[in-house]
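Student: Predicted model and sequence below, questions to follow.
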Amino acid sequence: MTPYLDFGQRPACAVRSEGEMVYYEDEGLVFASAADWLRLFRAFVEHIARRYGRENAAGWVYDLTQDIRTPIPTFCKDEAELWEVYRQMVLCLRQHLPGASVGGLGGVPVGDLAPMVRWLEYCKQNDCVPHHLTVLVFPYMKEENGAESEPRRLAREGEEARQLHRCRTLLDKLGLPDCRVFAVEWNSSLSTRNWLNDSCFRAAYALDVFNRTWGEADVIGVWMATDWCCSYYDTTHIANGGNGLLTKDGIRKPVYHALDFLNRMGRQFLQKGDCYLATAAGDSDFYILCYNCKRYSYAYFQTPEDQLDLHRLPDLFEDGRDLQITFTLTGLRGTGRYALKRRVVNSEQGSLLGAWSRFKYDADLDARDVQYLRNVCNPVLSLRKQKAENGALSFTATLKPHEIALYHIFAL
């Protein structure tokens, strides 16, 4: 595990829908000037160099990110001073922690990228080119509203991959092909009161985004780990539409299992397609991760995100058809027997909302009910055996809407 230190200024907030907050609080320390901020930063770097050792701390990642609503921190007068703060930050790390990875200030790659271009040109001219460009990626556009801009959901498919491709193309154009792209915050929704965050849709959508952005981003961070980050007085149910991987009671959501499935994959990449990824962990040890992600219908974009009907979530998608995919593994040695172990999460198996629906979405559950939900909101496992014929093995996966399934195929 590598520590990732973000020195950007972030608010504590919860979002109902586009442009509408549950609460918004800027909890950052108040600095009188950029010079004050830099003094504290230098003292911190000197401390961790002594406390953890220069070699160890030089292996960490250091970032200065920009928030969507406050792209310029309160201790900087303008973007020029922010850029100088970043340059001084780079010089400090070079002095105390040589070789440390430092980056940031990519912002949100939608609309005009001129500010990003100006900053990267400044970095080239002042010998502080970032090791990585940090961006926040969400399927939204900026809609101007007087002096401010508000996010609006985008209906076009593959928006995250499009935004990351713009960043990669820009870096190549500026002669910075070695600069990596870090999408440190990503989610299908900015809302922290959207029932789809708790659903199987988010799991399938996450896998689809990882598939589409293959080769475009070096790091993608899912926003965020737990619903505690966006809990408030109104979060009184078992699930509340928060964007954590876990509920505030520690119940694993389907998107948690999507990431767990990815972590179980083999290290050798074999192939990918529209709805699957295939890897190997050895000569006779294979992993195939597949999913059935349905696209939004216009009903989703016509409804505020915090007002979705929990009982009619399937109406928000274009269709409810199953998906069948036939896989054939070739070049297998001999005609031996193989085991096909399947892990699956869908609306009926391992799903938070599916399990909660059996309680009629009641808010008054006791501790034993919550523990029950923790136990059942996990993938369902099954195993069958099959013989390879002429060095090949075929099987068909049938996936329900928004189902995710991991197949582990190995020789017996």
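Tutor: Yep, that arrived.
Student: so what's Pro11 closest to, chain neighbours aside?
Tutor: Using C-beta to C-beta, 6 or more residues apart in numbering and skipping residues adjacent in sequence, the residue nearest Pro11 is Asp26, 5.0 Å away. Every C-beta, even on glycine, is put in place using the N, C-alpha and C of the backbone.
Student: surely that neighbour meets Arg69?
Tutor: No. Using C-beta atoms under 8 Å, Asp26 makes no contact with Arg69, being 9.4 Å away.
Student: tell me, what's touching those two both at once?
Tutor: Any residue near both Asp26 and Arg69 by C-beta atoms under 8 Å, 6 or more residues apart in numbering counts here, and that gives Pro11.
Student: Find the helix or strand that Leu393 is a member of.
Tutor: Secondary structure from DSSP states H and E places Leu393 in strand 393-399.
Student: Burial check on the residue nearest to Pro11, number of neighbours?
Tutor: 14 (other C-beta atoms under 10 Å).
Student: Likewise for Leu383?
Tutor: 9.
Student: Helix or strand for it, just tell me which one.
Tutor: strand 380-387.
Student: So what touches that strand?
Tutor: Residues lying outside strand 380-387 but in contact with it, judged by C-beta under 8 Å, 6+ apart, are 335-345, 349-350, 393, 395, 412.
Student: which SS class is Val22?
Tutor: strand (DSSP: H, G, I helix; E, B strand; the rest coil).
Student: I figured Leu313 was touching Asn197, is that so?
Tutor: No. Using C-beta under 8 Å, Leu313 is not in contact with Asn197, being 11.3 Å away.
Student: Just want to know which of the two has more residues nearby.
Tutor: It is Asn197, of Leu313 and Asn197, that has more neighbours when counted by other C-beta under 10 Å, with 25 against 19.
Student: circling back to that earlier point, tell me the least confident of the contacts of strand 380-387?
Tutor: pLDDT across the contacts of strand 380-387 is lowest for Thr335, at 68.
Student: if I look at the closest residue to Arg295 other than its chain neighbours, how far off is Phe210?
Tutor: Of all residues not flanking Arg295 in the chain, Glu318 sits nearest, at 4.9 Å (C-beta to C-beta, 6+ apart). In this view, Glu318 and Phe210 are 21 Å apart by C-beta to C-beta, to the nearest Å.
Student: more crowded one of these two?
Tutor: Comparing Glu318 with Phe210 by neighbour count (other C-beta under 10 Å), the higher total belongs to Phe210, at 20 against 12.
Student: OK, contacts around the more buried one?
Tutor: Here Phe210 is in contact with 220, 262 (C-beta under 8 Å, 6+ apart).
Student: if we go to 10 Å?
Tutor: 160, 186, 217, 220, 222, 258-259, 262, 272, 277, 289 (C-beta atoms under 10 Å, 6 or more residues apart in numbering).
Student: Got a ChimeraX select line for the buried ones in those?
Tutor: Remark: buried members of these, expressed as a ChimeraX selection using 16 or more other C-beta atoms under 10 Å:
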select :160,186,217,220,222,258,262,277,289
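Student: Sitting in strands, which of the contacts of Phe210 do you find?
Tutor: The strands in this structure, assigned by DSSP state E, contain 186, 220, 222, 272, 277, 289 from those.
Student: Please report how far the last one lies from Pro379.
Tutor: Taking C-beta to C-beta as the criterion, Leu289 is separated from Pro379 by 12 Å.
Student: what's the answer for the third one, then?
Tutor: Distance of Val222 to Pro379, computed by C-beta to C-beta: 18 Å.
Student: One more: the second one?
Tutor: Using C-beta to C-beta, Ile220 is found at 22 Å from Pro379.
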